[in-house]
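Asks: A predicted structure for the sequence below; I have some questions about it.
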Amino acid sequence: MRASEIRAKLVTAIEAAPVDDQASRTDVFTHLDIGTKEIRAGRDRLFVITVAAVPLRARQLFPSDNYSGSWDIVIMYADSPQIEDRICKDIERVSQALEKVPGENADINTIDIIGGPIQEFDGRVTATLTAQIGYRLTAGV
């Protein structure tokens, strides 16, 4: 597995996560590729995934094809009453979906989810998670 495939697996898992208090059929987790789409004002549950720490060979006693990297997941919301409660419900759902990724992908060994801050900027609220992932590099590099 390559790092780009890891990112795609994270996107798939998050987009499949159920949503509490869904306002409509379109009120779901929606991935945005950085630089390809505008952040649509007022839309909730948009998310981006960026590399937080480039993947490197995992430090182990014996040389291997195991690598470790980190990806930041930033979920965006419009500011609204009780937004922190909504975010916490969403993070519970997203973290459960992400925890299943190693069991569904033989080349992903581990995933550790680290909670980050809830921040507000210019009417948008963001919640950040970091996924630290150990995986097996299967393509010749």
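Replies: All right, it came through fine.

Asks: helices and strands around the longest helix that the chain contains, which ones?
Replies: Longest helix in the chain by number of residues, with DSSP state H as the criterion: helix 83-99. When contacts are defined as 3 or more CB pairs under 8 Å, 6 or more residues apart in numbering; DSSP states H and E, helix 83-99 packs onto helix 3-16, strand 66-78, strand 108-121, strand 124-136. From N, CA and C alone the C-beta is placed, and that goes for glycine too.

Asks: what residues are up against residue 115?
Replies: 91, 129 (CB atoms under 8 Å, 6 or more residues apart in numbering).

Asks: bridging residues for residue 50?
Replies: For residue 50, the beta-bridge assignment (DSSP bridges) gives partners residue 72.

Asks: now the helices and strands packed on helix 83-99 as a markdown table including mean pLDDT and distance to residue 48?
Replies: Listed next are the helices and strands packed on helix 83-99 as a markdown table, based on pLDDT from 0 to 100; distance: least, CB to CB, whole Å:
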| stretch | mean pLDDT | distance to residue 48 |
| --- | --- | --- |
| helix 3-16 | 96 | 10 |
| strand 66-78 | 94 | 5 |
| strand 108-121 | 95 | 13 |
| strand 124-136 | 95 | 9 |
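
Asks: residue 94: which of these is closest?
Replies: helix 3-16 (5.6 Å; CB to CB).

Asks: tell me the strands beside the helix or strand that comes right after that closest one, with direction?
Replies: Once helix 3-16 ends, the next helix or strand along the chain (criterion: DSSP states H and E) is strand 30-31. Each strand paired with strand 30-31, and its direction, by DSSP bridges: strand 46-57 (parallel).
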